[in-house]
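In: Take this sequence and fold it.
(2 chains)
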Amino acid sequence: MASFSTRVFSGLKYVVSAALIFSAAALLAFGPRAGEEVPKNCVVVDYWEKWTGEEEAAMRQIVDDFNSTVGRDKHIFVRYLSTSNIEQKTLVAAAAGVPPDVAGLYNQDIPQFGAMNSLEPLEDMAVERGITADKYKKVFWDEGHYDGHLYGLVSTAYDIALYYNKSIYSEGASALRARGLDPERAPGTIAELDEYAHTLDRIDPSGRIILAGYIPAEPGWYINYTCIWFGGSWWNDGEHKFTFTDPGVLRAYNWINSYSKRLGPKAVAEFQSGFGAIDTPTNPFLAPTVAMVQHGTFFARFIHHLKPSMDGQWAAAPFPSYDPKLRDVTYCNCDVLVIPRGSKHKHEAFEFIAFVNRQDEMEKLANLHCKISPLAKVSEGFLDHHNNPYIRVFDALAASPNAHPTEPVPILPEVNDELNDFTQRLALQQVTPEEGLRQVQERLQQKYDDFIADQLRRKAMEH
Amino acid sequence: MNGNHRRLRRAASNTMARLHSETRAVLRGLAFLSPWLVGFIAFTLVPIALSLYYSFCDYSLLQPPLYKGLTNYHLLVHDAVFWKALGNTAIYALMALPLGMLVALGVAMLLNVKIRGLTIYRTVIFLPSLVPTAASAMLWLWLFNAKLGLINVGLRAIGVANPPGWLTDVRWSMPALVLMSFWGIGNTVIIYLAGLQDVPRELYEAASIDGASTLRQIWHVTLPSISPVIFFNLIMGIIGTLQVFATPYIMTGGGPARSTYFYTMYLYDNAFSYLKMGYASAMAWIQLLIVLALTALAAWSSKKWVHYSGN
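Out: Take a look at the predicted model:
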């Protein structure tokens, strides 16, 4: 006969099991639901975006604007989801046949996704709404295109300039003047930039870098486009050929290499290992351990948030070129809104994209993100009240004929990885610029040719 | 005749009843197994079979697969980065696996000694293996920092003027990752410890009476007794080191200059960054064959050095 304790335990088992099942069922039935209430009789447009934090909150304001105005009138409701690895998640969702109606991708995704026929062309819907090339700064209109089709419209945009620390310039004023350099302004050419950098460098007797005037690898985000300031380009879009052996490209990499040679690869590597990310106070421009950096419009927001004491102590100017006649050169980048192939509400999705591209909404979002407006027409209010005090510099650069977009290459992730590896080998003095570029050219051209051959074979089979 | 016929019918009827009962038992078993079985077929078996097919295709997820025969395998043979990643993985496995097993065994032996505070020591050794990979990678990223890291600060304090640039120097990046892999030996130590506690005390007593020193006892008693455990850890280690991914992906991204770019990282990049699922599938099948071959080799060699107590 079972003991009393065994019987109690056995009974308890059933009670606990029943309680667990009941709780699970109750949670399923009455548990919390997603906070967003979808209004009745509305078409729901699912919008996935990559941003988090303040950037996510800024876009939410635009989504709320849409839902409470145009969306309400036209019975469209945008359901906004912030998610990491947006391009991969969009890819997998598109492959499964359940893509979002709008995806906030990076501009570099357009050639890759466009070449694989996985984005909806937007040109017809754009024309219907009067969204045409003349409404945009040329570079940003081009960013949305691949192979003659418009696949994406810009959500936020930025371009690159030289940020310099005025306090460090002041501290080194006499040394700068001694070399015939003006401490009150930014360098005007690459040769001058080198002079400024060399003068501001502070190296201890053991060769350890204490402060660098400039190093090309900080932050290094745009280092693959350095050639544009040297009058070069690594892609010939007309002939669909890489041109890494172009003299301008070689000049650029020789220049990058000169910094590692001058300061020493080990010293640079050790110096860089102490750098914090852009969103930390240990960022080298804020620390401050680097006097000049090449950065985007948005960098001003980080400076202001992380080190308000630096407000007024820095300035931005066009990044100098190798050739003094080559002026106002910049690299432009942007986030794009696309409609993945298979979207169930294309027209409603485009309604939202068009709303974001309205001047008032675009300027509101651009200011919240501390970026420029990709639109040709920019209001004085936007320029006067922008969070980046040098917004006019950035705006003028993006409108310049020497503003360069991301190259429209469908194998861009591979290009970036190859170039990053080459730049690292160069920094470690493992390869010469000539040899490295020849290897990159050979490898990437082969990859591109293979990619195009596969796409052509695919098209031939479809026909 | 009639009697025989009846006996036969009875026997047949009994057999049918037994078969019926066995079938019902099998069906009942399958029904209980079905949640796992359905999951296994849908999420493991079918994807494995499909990946074999995709390895012969051009496939990006965004477009239907396009058969291209052995092209992916042919391209892999001529891909310098493939060989670089494979070489890095082999070097890592050759360094991390034997050293890791040795360190784990040594620690397990120390933890098998009856001393005060043993539970605390065991907990301390096991604890790091509970830390999420991303968190421990970030921790080690700072420890290895060439300028501000605790390791180099310590080395400078004891007079090393130029300590290594652990993750920025191609000569040190791989040893740094191997060193870091010891951080997670807790699981292996626990398995060794269980094996060590199963070694009969009488064997040590007999060896001791025969005058065997501690080292001889370890060589002739401990190691043969726990050889099945060593074999198990070896197989798991082979599989684990050949699939190393998350830690270098977070800490180095494969750099500097692809010195820590491992096979699985290149596979992942091909699949999800370059959208070459066919190419990545071919890589996955080559990886599977390598793991299978090494496991078979270990299993074959085990006949010579693994001793099971029943044998």
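
In: Next one, pLDDT for A:M1 please.
Out: Note on A:M1: pLDDT of 50.

In: cool, the one 3 residues further on as well?
Out: Reported pLDDT at A:F4 in the predicted model: 69.

In: Show me what from the stretch 1-150 of chain A comes close to chain B.
Out: A:88, A:91-92, A:94-95, A:112-113, A:116-118 (CB under 8 Å from any CB of the partner chain). Any C-beta I mention is one placed from the backbone N, CA and C, and that applies to glycine too.

In: how many neighbours does residue 233 have?
Out: Since no chain was named, I'll use chain A. Counted with other CB atoms under 10 Å in any protein chain shown, the neighbours of A:S233 add up to 18.

In: right idea, wrong chain: chain B
Out: Counted with other CB under 10 Å, residues neighbouring B:N233 total 24.

In: just A:S273 next, same as before
Out: Neighbours of A:S273 under the rule other CB under 10 Å: 19.

In: That one: what's it in contact with?
Out: With contact taken as CB atoms under 8 Å, 6 or more residues apart in numbering or on different chains, A:S273 is in contact with B:145-149, B:165, B:167-168.

In: repeat that with 6 Å
Out: When contacts are counted by CB atoms under 6 Å, 6 or more residues apart in numbering or on different chains, A:S273 touches B:145-147, B:168.

In: so which helix or strand takes in A:T156?
Out: Per DSSP states H and E, A:T156 falls inside strand A:152-165.

In: tell me what that strand is packed against?
Out: Packed against strand A:152-165 by the contact rule (3 or more CB pairs under 6 Å, 6 or more residues apart in numbering or on different chains; DSSP states H and E) you find strand A:292-296, strand A:314-317, strand A:330-338, helix A:391-399.

In: Which residues does the third one contact?
Out: By CB under 6 Å, 6+ apart, the surrounding residues in contact with strand A:330-338 are A:102-105, A:107, A:119, A:139-140, A:143-144, A:151-160, A:222, A:225, A:353, A:397-398, A:403-405.

In: isn't A:K166 right up against A:D311?
Out: No. The pair A:K166 and A:D311 does not pass the contact test of CB atoms under 6 Å, sitting 11.1 Å apart.

In: Quick check: longest helix in the chain by residues?
Out: Assuming you mean chain A. helix A:433-462 (DSSP state H).

In: that's the other chain; I wanted chain B
Out: In chain B, taking DSSP H as the definition, the longest helix is helix B:2-40.

In: List the buried residues of the helix or strand just after that one.
Out: Counting by DSSP H and E, the next helix or strand C-terminal to helix B:2-40 is helix B:46-54. Residues B:51, B:54 are the ones in helix B:46-54 that count as buried (16 or more other CB atoms under 10 Å in any protein chain shown).

In: A:K166 and A:D311: who's more crowded?
Out: When A:K166 and A:D311 are compared on other CB under 10 Å, the one with more neighbours turns out to be A:K166, at 16 against 11.

In: Do you have the strands of the chain handy? List them.
Out: Assuming you mean chain A. Here chain A has its strands, by DSSP state E, at A:43-49, A:76-82, A:102-106, A:145-146, A:149-150, A:152-165, A:202-203, A:209-211, A:235-236, A:241-242, A:292-296, A:314-317, A:330-338, A:403-404.

In: if you could check chain B rather than the one you did, that'd help
Out: Applying DSSP E to chain B gives strands spanning B:57-58, B:66-67.

In: Buried by neighbour count, from the residues of the stretch 1-150 of chain A next to chain B: which ones?
Out: Among the residues of the stretch 1-150 of chain A next to chain B, those classed as buried by 16+ other CB under 10 Å are A:91, A:94-95, A:112-113, A:116, A:118.

In: can you put the residues you listed in JSON lines and add pLDDT?
Out: Shown next, in JSON lines, are these (pLDDT from 0 to 100):
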{"residue": "A:L91", "pLDDT": "89"}
{"residue": "A:A94", "pLDDT": "90"}
{"residue": "A:A95", "pLDDT": "87"}
{"residue": "A:Q112", "pLDDT": "93"}
{"residue": "A:F113", "pLDDT": "94"}
{"residue": "A:M116", "pLDDT": "90"}
{"residue": "A:S118", "pLDDT": "91"}
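
In: one step back: redo the helices and strands packed on strand A:152-165 as TSV? Include mean pLDDT.
Out: Shown next, in TSV, are the helices and strands packed on strand A:152-165 (pLDDT from 0 to 100):
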stretch	mean pLDDT
strand A:292-296	97
strand A:314-317	98
strand A:330-338	97
helix A:391-399	98
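
In: and B:N4, which of the ones you listed is closest to it?
Out: strand A:330-338 (82.2 Å; CB to CB).

In: and the angle for that closest one with strand A:43-49?
Out: Relative orientation of strand A:330-338 versus strand A:43-49 (axes from the mean of the first three to the mean of the last three CA atoms, to 10 degrees): 150 degrees.

In: For strand A:330-338, list the C-alpha coordinates in PDB.
Out: The C-alpha trace of strand A:330-338 is given here as PDB (Å, rounded to 0.1, in the frame of the first residue of the first chain):
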ATOM      1  CA  THR A 330      32.100  63.400 -52.300                       C
ATOM      2  CA  TYR A 331      30.800  59.900 -51.900                       C
ATOM      3  CA  CYS A 332      27.100  59.600 -51.300                       C
ATOM      4  CA  ASN A 333      25.200  56.900 -49.600                       C
ATOM      5  CA  CYS A 334      21.600  56.300 -48.700                       C
ATOM      6  CA  ASP A 335      18.900  54.000 -47.300                       C
ATOM      7  CA  VAL A 336      16.200  53.000 -49.700                       C
ATOM      8  CA  LEU A 337      12.600  52.000 -49.600                       C
ATOM      9  CA  VAL A 338      11.900  49.100 -52.000                       C
END
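
In: who does that strand pair up with?
Out: Sheet pairing for strand A:330-338, assigned by DSSP bridges, gives strand A:102-106 (antiparallel), strand A:152-165 (antiparallel), strand A:403-404 (parallel).

In: Near B:N187, how many other residues are there?
Out: For B:N187, the neighbour count with other CB under 10 Å is 14.

In: Quick check: nearest residue in space to it, chain neighbours excluded?
Out: Leaving aside its sequence neighbours, B:N187 sits nearest to B:S129 (CB to CB, 6 or more residues apart in numbering or on different chains; 5.1 Å).

In: If I look at the one you found, what pLDDT would I see?
Out: pLDDT recorded at B:S129 is 91.

In: ok, now which ones touch it?
Out: Contact analysis of B:S129 by CB under 6 Å, 6+ apart lists B:184, B:186-187.

In: could I get these as JSON lines with distance to A:A24 and pLDDT?
Out: Listed next are these as JSON lines, based on distance: CB to CB, whole Å; pLDDT from 0 to 100:
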{"residue": "B:G184", "distance to A:A24": "34", "pLDDT": "89"}
{"residue": "B:G186", "distance to A:A24": "33", "pLDDT": "93"}
{"residue": "B:N187", "distance to A:A24": "31", "pLDDT": "93"}
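
In: nearest to chain A, of the residues you listed?
Out: Taking CB to the nearest CB as the measure, chain A lies nearest B:G184 of those, at 23.7 Å.

In: Domains in chain B, by residue range?
Out: With domains defined by automatic domain parsing, chain B comprises B:2-54, B:80-305.

In: ranking these by mean pLDDT, which is last?
Out: Taking the mean pLDDT of the domains of chain B, domain B:2-54 comes last: a mean of 90.

In: chain center to that domain, what's the gap?
Out: Mean-position distance between domain B:2-54 and its chain equals 34 Å (CA atoms, centre = their mean, to the nearest Å).
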